[in-house]
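# Using only what follows, build the 3D model:
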Amino acid sequence: MNWNTWIRQFHRWLSIIFTAVVAAIFITLGVGVEPAYWVYLMPLIPLGLLMLSGLYLFALPYATRWRSGQRTA
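Purely as a prediction, here's the structure:
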């Protein structure tokens, strides 16, 4: 498994974790339980990692095209 495939897989699993954390917060709010303040900050960790890996995956085609010397139209 090469580096790009590993980051893509990491991004997919991280998105599942982020969605589960946000869903759990909404479920606890729907039940009527008021969670602690730090619970609202929990999604920020996977969200930051999602941003970094997403930016990498977004720039990857442009970087490979730039390294190969091809010009865009």
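# all contacts plus neighbour counts: C-alpha atoms, from now on.
Fine.
# Check the offset of the lengthiest helix in the chain from the chain's centre.
The residue-count maximum for a helix in the chain (DSSP state H) belongs to helix 3-31. In terms of C-alpha atoms, centre = their mean, to the nearest Å, the centre of helix 3-31 is set 8 Å apart from its chain centre.
# Give me the nearest residue to the residue nearest the centre of the chain, chain neighbours excluded.
Nearest residue to the geometric centre of the chain (C-alpha atoms, centre = their mean): L50, 2.0 Å. In space, L50 comes closest to H11 once its chain neighbours are excluded; the distance is 6.1 Å by C-alpha to C-alpha, 6 or more residues apart in numbering.
# related to what we said a few turns ago, please give the element, helix or strand, for the residue nearest to the centre of the chain.
Assigned by DSSP states H and E, L50 belongs to helix 44-68.
# helices or strands up against that helix?
For helix 44-68, the packing partners by 3 or more C-alpha pairs under 8 Å, 6 or more residues apart in numbering; DSSP states H and E come out as helix 3-31.
# what's the angle between the helix it packs on and helix 44-68?
150 degrees (axes from the mean of the first three to the mean of the last three C-alpha atoms, to 10 degrees).
# Measure how far the next helix or strand after helix 3-31 is from the centre of its chain, please.
Going down the chain from helix 3-31, the next helix or strand is helix 37-41, by DSSP H and E. Relative to the chain's own centre, helix 37-41 is displaced by 18 Å; criterion: C-alpha atoms, centre = their mean.
# what does helix 37-41 contact?
I25 (C-alpha atoms under 8 Å, 6 or more residues apart in numbering).
# which intervals of this structure have sub-threshold pLDDT?
The chain contains residues with pLDDT under 70 at 1, 70-73.
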